[in-house]
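Asks: Build me a model from this:
(one chain, ligands or ions: 1)
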Amino acid sequence: MTDPKTLCACGSGANYADCCEPFHLGREKAATAEALMRSRYCAYVRGQIDYLVGTTLPAVRTTDLWVNYKSTADSIQWIGLEVMSASQGGAEDKTGKVEFKASYIQDGERAMHHEWSRFRRSAGNWYYVDGVMAES
Ligand SMILES: [Zn+2]
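Replies: Presented below is the predicted three-dimensional model:
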């Protein structure tokens, strides 16, 4: 049974405990780039900054990454995620791309972030590499 209070913020329709929580707790690894992307969105919603940093490809982590994620998470209220498409990013792939739209409210204004994110799999873990803003 799913209850609105326990639904995962990533919009999967599953309970948080059965969806992104095992990733956030480090109990399970996201098998696909899309699963990682969803878990990162969910971490943003929940303010789990360490998870956002930890799932960023180590080679592209900047020294101010934690602070940047924190200030974004604090200034934005995420209100919905829609995964538009994904290419590669499967359990046997090395790289993947996920296109998504995330709705949010900032300074009282509703807005949309539309991005193509790139992911890379290294030693069995999927990592976020970078993203390109898409036309919305
Ligand atoms: Zn989820």
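
Asks: I'd like the next helix or strand past the longest helix that the chain contains.
Replies: When the chain is parsed with DSSP state H, its longest helix is helix 33-46. Remark: after helix 33-46, the chain's next helix or strand is helix 49-54, criterion DSSP states H and E.

Asks: buried set for that next one?
Replies: 49, 51, 52, 53, 54 (16 or more other Cβ atoms under 10 Å). Glycine gets a C-beta too; all of them are placed from N, C-alpha and C.

Asks: cool, and stretch 38-51?
Replies: 38, 39, 40, 41, 42, 43, 44, 45, 46, 48, 49, 51.

Asks: Next, the nearest residue to the fourth one once chain neighbours are set aside: phi, psi?
Replies: To tie it back to what came earlier, the one meant is residue 41. Nearest non-adjacent residue to residue 41, counting by Cβ to Cβ, 6 or more residues apart in numbering: residue 81, 4.8 Å away. Torsion angles at residue 81 (phi, psi; degrees, to the nearest 10) stand at phi -130, psi 140.

Asks: now what about the longest helix of the chain, what contacts it?
Replies: 8-12, 16, 19-20, 23-24, 30, 49, 51-52, 55, 69, 72-73, 76, 78, 81, 83, 86, 88-90, 93, 96-98, 100, 102, 117, 119, 121, 126-128 (Cβ atoms under 8 Å, 6 or more residues apart in numbering).

Asks: that older thread, and the buried residues of stretch 38-51 near the ion, which?
Replies: Counting by Cβ under 5 Å from the ion, residue 42 from these sit close to the ion.

Asks: now, the most widely separated pair of the buried residues of stretch 38-51?
Replies: Maximum pairwise distance among the buried residues of stretch 38-51 (Cβ to Cβ): 17.2 Å, between 38 and 49.

Asks: so where do the helices sit in this protein?
Replies: In the chain, the segments counted as helices under DSSP H are 21-24, 33-46, 49-54, 65-75.

Asks: and the protein, which residues reach the ion?
Replies: 8, 10, 12, 19, 20, 42.
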